[in-house]
Structure formats: C-alpha cells, structure tokens
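Asker: sequence first, predicted coordinates after that:
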Amino acid sequence: DSGVTQTPKHLITATGQRVTLRCSPRSGDLSVYWYQQSLDQGLQFLIQYYNGEERAKGNILERFSAQQFPDLHSELNLSSLELGDSALYFCASSVVYDTGELFFGEGSRLTVL
Amino acid sequence: DQQVKQNSPSLSVQEGRISILNCDYTNSMFDYFLWYKKYPAEGPTFLISISSIKDKNEDGRFTVFLNKSAKHLSLHIVPSQPGDSAVYFCAAKGVNFGNEKLTFGTGTRLTIIP
C-alpha cells in the first residue's frame, strides 16, 4: 500500500461526457502528479501541483484540467471525452526536492465508449 | 520527442539467471534515474535509483549502472526469481527547479521462466 488513494478504480462513460478523478496523496506529501498510461504506452506526465499551486505542465489536453485543494487532495477533470481518452490515469505524490521517488496510487481505469 | 527510451518491449529469462534491462536517454538535464516495477492492476512501485554523479548503485539483488557518456543505464537482477515477472519502467528526474517530474520510458515486460 503506497498510501496514495485514487477513486474511482474503474469508470465507463460515453463520448462527449465529463468525468472527475480523485486522488488523496500520502500523508505529509505536498506534491501531486497526474500521469496517463494508454495501451502499451509509457506513463505520460500530465500535470504537477505543489501545495495547491500548479508547478509543472506536461502534455495535458485543453479539455483536461486539474486542481489541488487546501486539504491537498487533487482532482483531474476530463471533459468532452473521446475514445482516445480511454487509459489508466495514475496519481502520485512525493516530497519535492528529493531523489525523485514517487508513490503511485493504483490508478483509475477510464473506458470511453 | 521521447527523452527516455526502452527499446526492448519484452524479455524472458530463466529463473536463477541474470536479467538485464536497458534504458537510453537523450537529455543531459537529469539528476536522478530510477527504475519502477509494475504488476497488473497495481500502480508502479519504486525499485532503485541512481544519482547522476554515480555510476553504480546496488540494493540486494538489484544493481543499476549508469554510463553518462553513452547516456545509458541498465538494471541487473541477480538471481532472477519468478516474483520479478513484471513490467519495468525506467524514469529520469529533471534537475531544474519546477521540473522535478519524472519522464518515463515505455517499459519492458520481464518474464521469469521457472
């Protein structure tokens, strides 16, 4: 158990819809990262938050947005969903300024039909 | 522009033998390199890391080697065990402030044959 909690674990929805994925980081970790893993692909960095502020942005589509709340949990919002958005979405947390070790949740599997 | 590459999608190794997983990178602005292991239906878990100022780091059966001139790192697992069967991701951490994210390779699926 990494200490990072993601909900929901599985989600099936239709094209054009909007979903919200939720992440609770490990206790004490201020930094939250979101990654996307499509079929047979590596983990693609989407966005990082540190203590409520956006810190780094990767290949995140404009239809996607995220935020980190005062209690440090984070949400990833995916809108106008397309078939190609079907993927595993991982949240990870860490202590910043360290060796780079991230603690990952079990992921949220999104299926867009 | 894939900055971290794992060119072998899969690898099969006999139990008890050495497993060698390889990774290449193109960006010199990384200060740590890491290996993560992933089982099905689970998130990746940290395995071992190496600082860019070192060329070897060992932890039990796992050793990571870094060749900066070749921009290449490898993970050695000796001896390989059936529980080592998983997908292994190589990752690199950016050195710049505000760029601490990890850049991952596409993974190598390791199968240990009993």
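Answerer: Done, it's in.
Asker: and the gap between B:P40 and A:E106?
Answerer: Plainly put, B:P40 is 11 Å away from A:E106 if you go by CB to CB, to the nearest Å. All C-beta atoms are positioned from the backbone trio N, CA, C, and that covers glycine.
Asker: okay, these two: which has more neighbours?
Answerer: A:E106 (18 against 6; other CB atoms under 10 Å in any protein chain shown).
Asker: show me what the helix or strand of chain B with the lowest mean pLDDT is packed against.
Answerer: Scoring the helices and strands of chain B by mean pLDDT, DSSP states H and E places strand B:102-104 at the bottom, with a mean of 90. Under the contact definition 3 or more CB pairs under 8 Å, 6 or more residues apart in numbering or on different chains; DSSP states H and E, strand B:102-104 sits against strand A:43-50, strand B:30-38, strand B:86-94.
Asker: ok, which of these comes nearest A:L113?
Answerer: Comparing these against A:L113 with CB to CB, the closest turns out to be strand A:43-50 (22.0 Å).
Asker: distance between the closest one and the chain's centre?
Answerer: Distance of strand A:43-50 from its chain centroid, counting by CA atoms, centre = their mean, to the nearest Å, is 7 Å.
Asker: how about stretch A:11-18?
Answerer: Remark: stretch A:11-18 is offset 17 Å from the chain centroid, using CA atoms, centre = their mean.
Asker: now do the same for the residue sitting nearest the centre point of chain A: its pLDDT.
Answerer: Geometric centre of chain A, nearest residue: A:W34, 3.2 Å, by CA atoms, centre = their mean. For A:W34, the pLDDT comes out at 96.
Asker: where's it, which helix or strand?
Answerer: Using DSSP states H and E, A:W34 falls within strand A:31-37.
Asker: one step back: report the beta-bridge partners for the residue nearest to the centre of chain A.
Answerer: Bridge pairing for A:W34 (DSSP bridges) gives the partners A:I47, A:C91.
Asker: any idea how far it lies from A:Q44?
Answerer: Taken as CB to CB, the span from A:W34 to A:Q44 is 10 Å.
Asker: could you do A:Q67 as well?
Answerer: 20 Å.
Asker: now do B:N22
Answerer: To A:Q44, B:N22 is 21 Å away according to CB to CB.
Asker: what's the answer for A:Y50, then?
Answerer: In this view, A:Y50 and A:Q44 are 20 Å apart by CB to CB.
Asker: which one of the two has more residues nearby?
Answerer: Remark: of A:Y50 and A:Q44, A:Y50 carries more neighbours, 19 against 16, as counted by other CB under 10 Å.
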